[in-house]
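J.: Predicted model follows, preceded by the sequence.
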Amino acid sequence: MIRLTQPSEAHVRAFIASQQPLPFSYAEVGASRDGAPPGYPVNHYRLRLGSGREVFERAVEALQRWRMFDLPWTVLYWPAAPIEPGSVVAIAAHHYGLWSLNACRIVYTIDERGAVERRGFAYGTLPGHVEQGEERFTIEWQRHDNAVWYEIFAFARAKHLLPRIAYPLARLVQWRFAVDSAHAMLLAAAQDTVSET
């Protein structure tokens, strides 16, 4: 949904309620576990957040509080939404002088332990989204070198006319979100360290 102004909380609540019972807007639900299905552009970005268990735990906590949306141009409704399959959220984004309001539902969560520990989740688009596809957010701790990584992986294609017409700009917004969300997670994972110095 494209708008000229930021939506009110009442509008967002009604929007989420209208999206809650609807099916996903794409057929390949869950495909982001293994990559992207044919016919979808991919957006993939990784950033090293630091090293060690403490950084990993802070990053996982930040992910569970949706801190990757702590950006000047996005608003997540609502950050208290539980990270569990079935949770529906809306994301308002301000770009190119317009606001878009988009609905997503969590498809699956990730909790892998061992030599590489991974936590995260993926959400998929609902009919009230300008695109159709899936996005996965992951925190990974590689014990062999102690590195902690944030990864965002998405496959999505335009569903509405405006993103189709402005395809290069839509791809730029996707890339900007990947980079900005990674830097928000970097700040969140380092928050305790930063506050001590």
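T.: Looks like it came in fine.

J.: Show me what Ala147 is bridged to.
T.: In this entry, Ala147 is beta-bridged to Ser51, Gln142, by DSSP bridges.

J.: Residues contacting the longest helix seen in the chain, please?
T.: Looking across the chain with DSSP state H, the single longest helix is helix 167-189. By C-beta atoms under 8 Å, 6 or more residues apart in numbering, the surrounding residues in contact with helix 167-189 are 41, 43-47, 49-50, 55, 58-59, 62-63, 67-71, 73-74, 93, 95-96, 131, 137, 139, 148, 150, 152, 154, 156, 158, 163, 194. All C-beta spots, glycine's among them, are computed from the backbone N, C-alpha and C.

J.: I would like a ChimeraX command selecting only the buried ones among these, please.
T.: Provided next is the ChimeraX selection string for whichever of these are buried by 16 or more other C-beta atoms under 10 Å:
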select :41,43,45,47,49,50,55,58,59,62,63,67,68,69,70,71,74,93,131,137,139,148,150,152,154,156,158,163
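
J.: Where strands are concerned, which of the contacts of helix 167-189 count?
T.: Using DSSP state E, 43-47, 49-50, 74, 93, 95, 131, 137, 139, 148, 150, 152, 154, 156, 158 are the members of these that sit in strands.
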